[in-house]
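Asker: structure, please.
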Amino acid sequence: MSTWVARLDADSGGDGPRLAVKDCIDIEGMPTTAGCPVVAEMAEPARADAAVVATARAAGARVVGKTTLTELCWSASGINRWTGTPVNPRDPRRLPGGSSSGSAVAVASGEADIAYGTDTGGSVRIPAACCGVVGLKTRWGRVPVQGVYPLAPSLDTVGPLGRDVAAAEAGMALLEPGFAAPGRAGPGAGRITVAGVEGGVDPRVDAAVDRALAMAGVTVSPAASWDFRPAADAAGVIIDSEGFKSNAYLMPYMGQLGPHVQRNLERGARLRPADVAAARRLADEVRAEMETLLRDYPVLVMPTLTGQPPLVGEHGFPLTVLTSPVNLSGLPALALPVPAADPDDGGLIASMQVIGESEEQVLAFGRMVEAAIAAG
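Answerer: Coordinates of the predicted model:
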């Protein structure tokens, strides 16, 4: 299935990196479909580039096309029955992750140097983890979202994906001119262990994260044992509530929308103000807890996913349980691929999530770990 909604001339524009843009972000002269046939039928060509595309062009990026995504950005699977689901280059049997599926596949397959995605509950980090690339969720409010199709405005962010940390850092420089991460990262990290999730974290994934930290010589301290399910549920309430408001105009066309979008809209319509207020209170608690932990540790680390990317057709895998709570905090987070701890398990796809106070911090930390892995 195609990674692209539309390919452009790779030689057009500047002489900088090839940039792929998720099709919920406006490119002047092209319709923005948000992966939805109803939206596509209504869409007119965008009158201007989104702010993040305009900034990238000014920095010399070559926009090479718009990438596929899950419908309305409202699923983490990467599946889209209308545009097609791009094939995961790391393992075609497995989902590419979403909602920024095409963006992750574009950089994983070498079709773009950098890609833009959006992350509301994990939609940059999850496909990065599934496809074995680097993805950066930016701090909420740091990167402008003008010209980006909204899902949940109180959580929506735009962030870069790339094959390595250098590409993600270059993508951040396209989003924010003059951006640069420090040359060195702090030597310590707080390790978060996951409690309460049914089935737990795959021990091989935990071992891969721990081995990568050890290879980098990071001083690791136990920071917290955390049951993320209540926070993930709260994020789901906020996303569905705001997602309904963003997409209520599509209700007359329910029969033309995908089944998961129909379910999400119906749930969003049923949510009571008290449900949303409770979710926002929990979001405040999560934000306070993470900010407190980051006073004691330079960064926090844990897996991005609880296991390997799900097989195509597999159901019930909690894709967002470790990512969406970070969206509640508003903090930036990096998804970084890490190799298996057991050399006999070379096919393992695992990813470390690095949470910090700033994009500069998490990228510098990721660069340090990546270099240690490359050095063997």
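Asker: so, low pLDDT: which residues of the stretch 201-350 of the chain?
Answerer: Along the stretch 201-350 of the chain, the model assigns pLDDT under 70 to no residue.
Asker: can you give me the helices in the stretch 201-350 of the chain?
Answerer: For the stretch 201-350 of the chain, helices defined by DSSP state H, counting those that start in this stretch occupy the ranges 203-215, 229-247, 259-270, 273-296, 324-329.
Asker: hey, which of those is tucked in deepest?
Answerer: helix 324-329 (a mean of 26; mean count of other C-beta atoms under 10 Å). For every residue, glycine as well, the C-beta is placed using N, CA and C.
Asker: show residues contacting it.
Answerer: For helix 324-329, the external contacting residues (C-beta atoms under 8 Å, 6 or more residues apart in numbering) are 119-122, 137, 140, 155, 157, 228, 231-232, 234-236, 238-239, 282-283, 286-287, 290-291, 333, 353, 355.
Asker: and what of stretch 368-376?
Answerer: 164-165, 184-185, 212-213, 215-218, 336, 338-339, 352, 354.
Asker: which of the residues you listed sit farthest apart?
Answerer: Between any two of those, the greatest separation by C-beta to C-beta is 22.9 Å, found for Arg184 and Pro339.
Asker: these two: which has the busier surroundings?
Answerer: Shown here are Arg184 and Pro339; by other C-beta atoms under 10 Å, Pro339 has more neighbours (18 against 10).
Asker: isn't the more buried one right up against Val209?
Answerer: No. Assessed by C-beta atoms under 8 Å, Pro339 is found out of contact with Val209, at 10.6 Å.
Asker: how is the spatially closest residue to Ala112 that is not a sequence neighbour assigned, secondary-structure-wise?
Answerer: Ranked by C-beta to C-beta, 6 or more residues apart in numbering and with sequence neighbours excluded, the top spatial neighbour of Ala112 is Ala20, at 3.8 Å. The local conformation at Ala20, judged by DSSP: H, G, I helix; E, B strand; the rest coil, is strand.
Asker: can you pull the contacts of Ala20?
Answerer: Residues 4, 63-67, 102-103, 106-107, 111-112, 114-116 are the ones in contact with Ala20 under the rule C-beta under 8 Å, 6+ apart.
Asker: repeat that for Gly217.
Answerer: Counting by C-beta under 8 Å, 6+ apart, Gly217 has contacts 187, 372.
Asker: could you do Ser225 as well?
Answerer: Ser225 neighbours (C-beta under 8 Å, 6+ apart): 192-195.
Asker: the closest residue in space to Arg267 that isn't next to it in sequence and Ala128, how far apart?
Answerer: Of all residues beyond its chain neighbours, the one nearest Arg267 is Asp240 (5.0 Å), with distances taken as C-beta to C-beta, 6+ apart. According to C-beta to C-beta, to the nearest Å, Asp240 and Ala128 sit 24 Å apart.
Asker: check Val261 too.
Answerer: 23 Å.
Asker: that older thread, show me what the residue nearest to Ala112 is bridged to.
Answerer: Applying DSSP bridges to Ala20 gives these bridge partners: Gly65, Ala115.
Asker: how far away is it from Val53?
Answerer: Using C-beta to C-beta, one obtains 11 Å as the distance from Ala20 to Val53.
Asker: list residues touching both of Pro339 and Val209?
Answerer: Taking C-beta under 8 Å, 6+ apart as the contact rule, Pro339 and Val209 both touch Ala350.
Asker: before we move on, the earlier item: between Ala20 and Val53, which contacts overlap?
Answerer: 63, 116.
Asker: to Gln308, which of the helices of the stretch 201-350 of the chain lies closest?
Answerer: Here helix 203-215 is closest among the helices of the stretch 201-350 of the chain (C-beta to C-beta), at 7.3 Å.
Asker: show me what the closest one is packed up against.
Answerer: strand 188-195, strand 219-227, strand 300-303, strand 333-338, strand 350-355, helix 359-375 (3 or more C-beta pairs under 8 Å, 6 or more residues apart in numbering; DSSP states H and E).
Asker: if you set the cut-off to 6 Å instead, what comes out?
Answerer: strand 333-338, strand 350-355, helix 359-375 (3 or more C-beta pairs under 6 Å, 6 or more residues apart in numbering; DSSP states H and E).
Asker: now the helices for the stretch 51-200 of the chain?
Answerer: All helices of the stretch 51-200 of the chain, identified by DSSP H, counting those that start in this stretch, fall at 51-58, 101-108, 125-131, 165-175.
Asker: send the alpha carbons of the longest one over as PDB?
Answerer: Taking only C-alpha atoms (Å, rounded to 0.1, in the frame of the first residue of the first chain), the coordinates of helix 165-175 have been written out as PDB:
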ATOM      1  CA  VAL A 165      18.600  11.500  16.100                       C
ATOM      2  CA  ALA A 166      20.500  13.800  13.800                       C
ATOM      3  CA  ALA A 167      17.600  13.800  11.400                       C
ATOM      4  CA  ALA A 168      15.100  14.400  14.100                       C
ATOM      5  CA  GLU A 169      17.200  17.300  15.300                       C
ATOM      6  CA  ALA A 170      17.400  18.700  11.800                       C
ATOM      7  CA  GLY A 171      13.600  18.300  11.600                       C
ATOM      8  CA  MET A 172      13.300  20.400  14.800                       C
ATOM      9  CA  ALA A 173      15.500  23.100  13.200                       C
ATOM     10  CA  LEU A 174      13.000  23.200  10.300                       C
ATOM     11  CA  LEU A 175      10.200  23.700  12.800                       C
END
